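Take this sequence and fold it.
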Amino acid sequence: DAKEQFSSIYAATDRLIAQAGDYLWGRGTQELVYNDLPFVRSDTVLLPQGKAVAGQPWQTTQEGNLCLVSDVPALGWRTIETCDAPDAPAEARADQALETSFVRIELDGTGAFTRLYDKRLKRELLLPGARGNRLMAFEDRPASWDSWNIDMYYEEHAYDVDGDTTVSPVTGGALYESVTVVKRFGRSVFTQEIRAWHAEPRMDFITHVDWREDATVLKTAFPLAINTDFATFDIQCGSLRRPTHRNTSWDAAKYEVCAQRWADLSEGDCGVSLLNDCKYGHDAQGSVLRLTLLKAGMAPDEKVDRGEHRFTYALYLHEGPCGAQTDRMAARLNHPLRLTCAAAPQEAYASGAFMKGFVEGYNTMDTLAAIVFGIVIALNVQACGVTERKAVARSIMKAGVIAGVFLFTVYGLLAWLGARGSAVLAQAADGTAVLSGLCLQFFGPVGALLLAAIFFVACFNVCTGLLSSCAAFFHEKFPRSEERRV
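Numbering: from 1, shown residues only. Have a look, this model is predicted:
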């Protein structure tokens, strides 16, 4: 039932995203990438074999060409030009080490890390003699709630998932270096590609598991050379700290911590964050940080969670204490850039906003409104008995100053909105798209109603003023004219 419900949720979400895309950029053949995070980012998208983003590095994978797209606006999009590109396969190397400008990682015959060296800090980040990304299986027989609980004594029976292991040669390319590890444990098969990115100090563990075990919980462990007495965990609206020791019964009861996208061990000048895209169980003991990957409960369904699983976790090395950089990196892991197609691009509205405003009527309406209200002010001043030219001029100037203050406020707010919504302004081809996009960005669905109300009031005022001034003008010129009666 859960699989069917999630499939329905995913399908409904995809429809909503497609409808929003049709509204924002239309349908067509122009390819674009959309960033649904509130900060500018450079990230990768997957294109078919033989295609790449013009002027950007790419690397060939089994699924297609993985291409870099730079500087995608926050909560915005960027059109891309694709070009034909030959395959850029990774080049195999002789040694079993992943090396970038940030880190050097050495592996043993089981695919575990024997060295994790941060080149920026010139510091070893694994405990001496310890192994990182150590897959561990534990016998899991909780007293109750078998598919949910993990009892404290589960660590008494632990096993390394090291048996039948195959490690591929290390390969390198324009975007990352990688190695593939295949393990067999019991009736289960683990396939994991480890990627060390050239552009940032992050290592991804792209994992596929055919999980067939019973009464077992699977974890990955990273024994880190980080001195701290607490770990930091991501939660829905911030983060929380938990002790890394078991000095009291309260501390011991926190042997498993529920968290969202990351857990972190840090000291003053550096730290290591363990990110994930769909896992929620963590634990930190001393300087060992672990992530719970899979569980195999026996009740209420003896086959619960058996089958194929695909997930990714990542290790991020950061300078200084845990902060916004970890949260952004985890958000990027969970929200990849979206590749879609849009309507053919037009000249951006921002490139000729003033003249386009006249052509489309926005500036024309403002100009007409200024003339109309000038006439109305002059007529009202004369109707009040002020006939001397200097007195009329002074009254009109006072009204003009007041109107100018209001107009300055209105256009100042519009300029502020335009600056805050630069991504919308840069992509829009007409004023309607600018206004509707800004209202949607800042006010959500209510923005459409607000925009409609503003336009109604503005047009109503202009029309009323125009009719009043025309009526007064014709009444003055033709005072004896009468209505024709039908």
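
all contacts plus neighbour counts: C-alpha atoms, from now on.
Will do.

Low-confidence regions, the stretch 351-486 of the chain specifically.
351-383, 385-387, 392, 411, 414-434, 441, 461-462, 465-466, 468-469, 472-486 (pLDDT under 70).

repeat for the stretch 201-350 of the chain
Residues of the stretch 201-350 of the chain meeting the criterion pLDDT under 70: 343-350.

could you pull out the helices for this structure?
Secondary structure of the chain by DSSP state H: the helices cover 2-25, 249-252, 324-334, 353-360, 362-383, 389-420, 422-427, 431-443, 446-477.

Give me the distance between the two termini of stretch 267-285.
This stretch, stretch 267-285, spans 15 Å end to end (C-alpha to C-alpha, to the nearest Å).

Please point out which parts of it sit buried.
Residues 267, 270-277, 279-285 are the ones in stretch 267-285 that count as buried (16 or more other C-alpha atoms under 10 Å).

Out of those, which is nearest to Gln49?
Asp277 (25.9 Å; C-alpha to C-alpha).

Just to check, that closest one is in contact with Arg332?
No. Contact criterion C-alpha atoms under 8 Å: Asp277 and Arg332 do not qualify, at 9.7 Å.

Find out how far stretch 199-218 is from the centre of the chain, if you would.
Averaging C-alpha positions (C-alpha atoms, centre = their mean, to the nearest Å) puts stretch 199-218 23 Å from its chain's average.

typo on my end, it should be stretch 7-22
With C-alpha atoms, centre = their mean as the basis, stretch 7-22 stands 17 Å off its chain's centre.

got the CA coordinates for that stretch in PDB?
Extracted in PDB, the C-alpha atoms of stretch 7-22 (Å, rounded to 0.1, in the frame of the first residue of the first chain):
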ATOM      1  CA  SER A   7       3.700   6.600  -6.400                       C
ATOM      2  CA  SER A   8       0.500   8.600  -6.400                       C
ATOM      3  CA  ILE A   9       2.100  11.400  -4.400                       C
ATOM      4  CA  TYR A  10       5.100  11.500  -6.700                       C
ATOM      5  CA  ALA A  11       2.800  11.600  -9.800                       C
ATOM      6  CA  ALA A  12       0.700  14.400  -8.300                       C
ATOM      7  CA  THR A  13       3.800  16.400  -7.300                       C
ATOM      8  CA  ASP A  14       5.300  16.000 -10.800                       C
ATOM      9  CA  ARG A  15       2.000  17.300 -12.300                       C
ATOM     10  CA  LEU A  16       2.100  20.400 -10.000                       C
ATOM     11  CA  ILE A  17       5.700  21.100 -10.900                       C
ATOM     12  CA  ALA A  18       4.900  20.800 -14.600                       C
ATOM     13  CA  GLN A  19       1.900  23.200 -14.300                       C
ATOM     14  CA  ALA A  20       4.100  25.700 -12.400                       C
ATOM     15  CA  GLY A  21       6.700  25.400 -15.200                       C
ATOM     16  CA  ASP A  22       4.100  26.000 -17.900                       C
END
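
Make residue 1 into 6 and carry on from there
In the new count, where the first residue is 6, that last one comes out as stretch 12-27.

For that stretch, buried residues please.
Gly26.

So which residues make contact with that stretch?
By C-alpha atoms under 8 Å, 6 or more residues apart in numbering, the residues outside stretch 12-27 that reach it are 32, 347.

Now do that stretch, average pLDDT.
Average pLDDT, stretch 12-27: 89.

Stretch 70-84 too?
In this model, stretch 70-84 carries a mean pLDDT of 93.

Ok, stretch 116-136 next?
What stretch 116-136 shows for mean pLDDT is 96.

Centre of the chain to it, how far?
Worked out by C-alpha atoms, centre = their mean, stretch 116-136 lies 30 Å from the chain centre.

In PDB, could you pull the C-alpha coordinates for that stretch?
Only the C-alpha atoms of stretch 116-136 are listed here, as PDB (Å, rounded to 0.1, in the frame of the first residue of the first chain):
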ATOM      1  CA  GLY A 116      36.600  -0.500  -0.300                       C
ATOM      2  CA  ALA A 117      36.800   1.100   3.100                       C
ATOM      3  CA  PHE A 118      38.900   4.300   3.700                       C
ATOM      4  CA  THR A 119      42.300   3.800   5.400                       C
ATOM      5  CA  ARG A 120      43.200   7.500   4.900                       C
ATOM      6  CA  LEU A 121      41.200  10.700   4.700                       C
ATOM      7  CA  TYR A 122      43.600  13.600   4.300                       C
ATOM      8  CA  ASP A 123      42.400  17.200   4.100                       C
ATOM      9  CA  LYS A 124      44.800  19.100   1.900                       C
ATOM     10  CA  ARG A 125      43.600  22.600   2.900                       C
ATOM     11  CA  LEU A 126      44.200  22.000   6.600                       C
ATOM     12  CA  LYS A 127      47.100  19.500   6.100                       C
ATOM     13  CA  ARG A 128      45.400  17.200   8.500                       C
ATOM     14  CA  GLU A 129      44.400  13.500   8.800                       C
ATOM     15  CA  LEU A 130      40.700  13.200   9.500                       C
ATOM     16  CA  LEU A 131      40.500   9.400  10.300                       C
ATOM     17  CA  LEU A 132      41.600   8.000  13.700                       C
ATOM     18  CA  PRO A 133      45.000   6.100  13.400                       C
ATOM     19  CA  GLY A 134      44.400   2.500  12.300                       C
ATOM     20  CA  ALA A 135      40.700   3.100  11.800                       C
ATOM     21  CA  ARG A 136      38.600   2.600   8.600                       C
END
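
Contacts for that stretch next, please.
Contact partners of stretch 116-136, identified using C-alpha under 8 Å, 6+ apart, comprise 106-113, 137-139, 170, 172, 186, 227-231, 322.

same thing but at 6 Å, please
107-112, 137-139, 186, 228-230 (C-alpha atoms under 6 Å, 6 or more residues apart in numbering).

burial count for Arg146?
21 (other C-alpha atoms under 10 Å).

Return the distance of it relative to Met303.
Arg146 sits 9 Å away from Met303, going by C-alpha to C-alpha.

how about stretch 161-171: buried residues?
166-167, 170-171.

out of those, which are inside strands?
170-171 (DSSP state E).

of the buried residues of stretch 161-171, closest to Thr221?
Val166 (12.0 Å).

Isn't Val214 up against Phe316?
No. Val214 lies out of contact with Phe316 (C-alpha atoms under 6 Å); the separation is 8.7 Å.

who has more neighbours, these two?
Ranked by neighbour count (other C-alpha under 10 Å), Val214 and Phe316 place Val214 first, with 20 against 15.

can you pull up the bridge partners for that one?
Phe195, His314 (DSSP bridges).
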